[in-house]
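1. predicted model and sequence below, questions to follow.
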Amino acid sequence: MSRYLDPPASKPLLPKDKIPKVYKSMRIKVFLGAFLGYAGYYLVRKNLSLAAPGMLDSGLIDKEGIGIAMSAVSIAYAFSKFIMGSISDRSDARKFLVIGLVLAAVTMIVTGLLPFGANTTINVAMIFVLMLIVGWISGMGWPPCGRIMAHWFSQNERSFKMSVWNTSHTLGGGTLGLLSTLGMTILLSMGFSQTWRGAFIFPAIIALVIAVFCWWALRDTPQSCGLPSINDYRHDYSGVKTNVKDDEKIPFKNLFVDYVFKNKFLWIIALANAFVYMVRYGVGDWAPIYLQESGLMSPSESNLAFALHNYAGIPGTIVCGWISAKFFKGRCTPPNVIFMSLVLIGTLMYWQAGNIAGFFVNAQAAPAAYASLSKVLIYFALILVGFCIYGPVALIGIQALNLVPKNAAGTAAGFVGLFGYLFGDAILSKLLMGTVAQDAGWHVTFMMLSVASVIAGLLCASTWKSEKKIAENS
């Protein structure tokens, strides 16, 4: 299997007159493949968040159990993204991405078909194991995409184009909400009572279709297509200086020690990433449960809120990347600080939507108007958080890529992702928030999210001078 995943060998260069046309078309194809491929991974990752309210109503699981089960995806993904990152740096990105997407989709379909009983402990254990598998397989998504973007797009264009590419997971996450609603509606029309199963099955089927497209569109490196390296093609030799060739395998020891563990700047942005991810998933993944349990929205309304929150990240990420390229010469720290400040405002508005609505409308005198205004404020707050949170998510990943040679892109991304998904997502936004929501209530969880927004912004700000110095010396 390891030999099957080996990167394809470099081919002889195409005739010079054909290179521009082929390069242009191939860059479009691989971009679309990486974009839709990573979006596909998000159709088979967060399904439990949307199925959970129905499972709660059926008595199959409780909030603490949901937090534990959802944490399995994050725990496995955190380690997988790091380990798979180093394997991806030594593998064919095309095969790596497609195999992972197919396996994740099949696992999610199995989850949707699995019989559950009255014992909640057994149910939690079953879901935990399946989500652990999905989380591990999901680690095969980002690293090959990072490898593709590093090899096909040069340093001085990468911050903007990777910001555009990074909207793929917001597109996938938002579409998951809509596809889950459609899947549940289909099961309801067929007479099934446990309609929550549609949130697992239907999005996974669409992910399999996307995998077929990715196999057609993706290629590993320009050299494997008979094209020159992206640096030679665009005459862009900025970034990390190294004697290692773009298509050369770096030994594991060098990948982990020289380019990751000794990189102090990488450690800082990895820690910042943990708190960014806590807010990202603490707000998004718990929204359907919080909104329905609190009686603020119906299932279809909360699924729409989940979708809008994710879709808002598409223009938000693009704007954040544009600001980085247009005003800060590709530097990531300034827009990260700006956007995390806005995330804090959105989080506070989401938390206090009822009190804000009560300031304008008397809840007892006009309950319908009060409820409508509260929903509008919640939608707006979730859209604001979604618009602003995914920019820092994208730019922190880009910072990681900019700090290492192309051959170590997957490893650096995996290291930063390890902090984001293990500490920020699994431990803080899933295990801790699930327990706190169960024992202390939702208000305490909102306090935690507000503090996390502040810490993330401060950590990003601490890299301001260091990043500027690196940029000036490039």
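-> That came in fine, so what should we check first?

2. next helix or strand past the lowest-mean-pLDDT helix or strand in the chain?
-> Every helix and strand of the chain was ranked by mean pLDDT, DSSP states H and E. The lowest is helix 252-253, at a mean of 61. Counting by DSSP states H and E, the element after helix 252-253 in chain order, helix or strand, is helix 264-284.

3. may I see the buried residues of that following helix?
-> 265-266, 268-284 (16 or more other Cβ atoms under 10 Å). Where you see a C-beta, it was placed from the backbone N, CA and C, and this is true even at glycine.

4. and the very next helix or strand once past it, C-alpha only, in PDB?
-> Note on helix 264-284: by DSSP H and E, the next helix or strand toward the C-terminus is helix 287-293. Output in PDB follows, covering the C-alpha atoms of helix 287-293 (Å, rounded to 0.1, in the frame of the first residue of the first chain):
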ATOM      1  CA  ALA A 287     -25.700  25.700  17.900                       C
ATOM      2  CA  PRO A 288     -28.400  23.100  16.800                       C
ATOM      3  CA  ILE A 289     -28.500  21.600  20.300                       C
ATOM      4  CA  TYR A 290     -28.500  24.900  22.200                       C
ATOM      5  CA  LEU A 291     -31.000  26.600  20.000                       C
ATOM      6  CA  GLN A 292     -33.500  23.700  20.100                       C
ATOM      7  CA  GLU A 293     -33.100  22.800  23.700                       C
END
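
5. got any ranges where the stretch 351-474 of the chain has weak pLDDT?
-> Low-confidence segments of the stretch 351-474 of the chain, defined by pLDDT under 70, span residues 401-410, 470-474.

6. so which residues of it form helices?
-> Secondary structure of the stretch 351-474 of the chain by DSSP state H, counting those that start in this stretch: the helices cover 353-360, 367-402, 409-418, 433-439, 442-461, 464-473.

7. with adjacent residues omitted, what lies nearest to the spatially most central residue of the chain?
-> For the chain, the residue nearest the mean C-alpha position is His169 (5.3 Å; Cα atoms, centre = their mean). Nearest residue to His169 in three dimensions, chain neighbours excluded: Tyr42, at 4.9 Å (Cβ to Cβ, 6 or more residues apart in numbering).

8. ok, now how distant is the one you found from Ser163?
-> From Tyr42 across to Ser163, the span is 17 Å (Cβ to Cβ, to the nearest Å).

9. the two: who's more crowded?
-> Ser163 (27 against 23; other Cβ atoms under 10 Å).

10. how about low-confidence regions in the stretch 151-300 of the chain?
-> Within the stretch 151-300 of the chain, the segments meeting pLDDT under 70 span 159, 237-256, 258-259.

11. tell me how many other residues crowd Gln194.
-> For Gln194, the count of nearby residues is 16 (other Cβ under 10 Å).

12. right, and it touches Gly59 too?
-> No: under the criterion of Cβ atoms under 8 Å, Gln194 is not in contact with Gly59, lying 11.7 Å apart.

13. point out the most buried one among the helices of the stretch 351-474 of the chain.
-> Stretch with highest mean neighbour count among the helices of the stretch 351-474 of the chain: helix 409-418 (a mean of 29; mean count of other Cβ atoms under 10 Å).

14. what's the offset of that helix from the middle of its chain?
-> 13 Å (Cα atoms, centre = their mean, to the nearest Å).

15. who's in contact with that helix?
-> Residues outside helix 409-418 that contact it (Cβ atoms under 8 Å, 6 or more residues apart in numbering): 77-79, 81-89, 139, 142-144, 146-147, 149-150, 255-256, 259-260, 263, 266, 269-270, 273, 396-397, 400-401, 403-404.

16. stretch 269-280 now?
-> Here stretch 269-280 makes contact (Cβ under 8 Å, 6+ apart) with 336, 340, 343, 347, 385, 389-390, 392-393, 396, 399-400, 415-421, 423-425, 428-429, 448-449, 452-453, 455-456, 459-460, 463.

17. try stretch 8-28
-> With Cβ under 8 Å, 6+ apart as the test, stretch 8-28 has contacts from 92, 152-153, 219-228, 233, 247.

18. which of these fall in strands?
-> When these are checked against strands (DSSP state E), there are no matches.

19. biggest separation within those, which pair?
-> Distance extremes for the contacts of stretch 8-28: the farthest pair is Asp92 and Tyr233 at 20.8 Å, using Cβ to Cβ.

20. helix/strand/coil for Asp6?
-> The three-state label given to Asp6 by DSSP: H, G, I helix; E, B strand; the rest coil is coil.

21. count the neighbours of it for me.
-> Look at Asp6: counted by other Cβ under 10 Å, it has 13 neighbours.

22. same deal with Cys225?
-> Neighbours of Cys225 (other Cβ under 10 Å): 17.

23. what distance do you get for it to Trp216?
-> Taking Cβ to Cβ as the measure, Cys225 falls 14 Å from Trp216.

24. what does Tyr421 give?
-> Counting by Cβ to Cβ, the gap from Tyr421 to Trp216 is 30 Å.

25. the two: which has the busier surroundings?
-> Tyr421 (31 against 11).

26. how about the residue lying closest to the more buried one once chain neighbours are set aside, what does it touch?
-> Spatial nearest neighbour of Tyr421, chain neighbours left out: Ala78 (3.6 Å); criterion: Cβ to Cβ, 6+ apart. Contact analysis of Ala78 by Cβ under 8 Å, 6+ apart lists 417-423, 425-426.

27. and with 10 Å instead?
-> Going by Cβ atoms under 10 Å, 6 or more residues apart in numbering, Ala78 touches 135-136, 139, 274, 277, 414, 417-427.

28. just Pro392 next, same as before
-> By Cβ under 10 Å, 6+ apart, the residues touching Pro392 are 269, 272-273, 275-277, 279-280, 316-317, 320, 332-333, 335-340, 343, 456-457, 460.

29. now with 7 Å, please.
-> 276, 336, 339-340, 460 (Cβ atoms under 7 Å, 6 or more residues apart in numbering).
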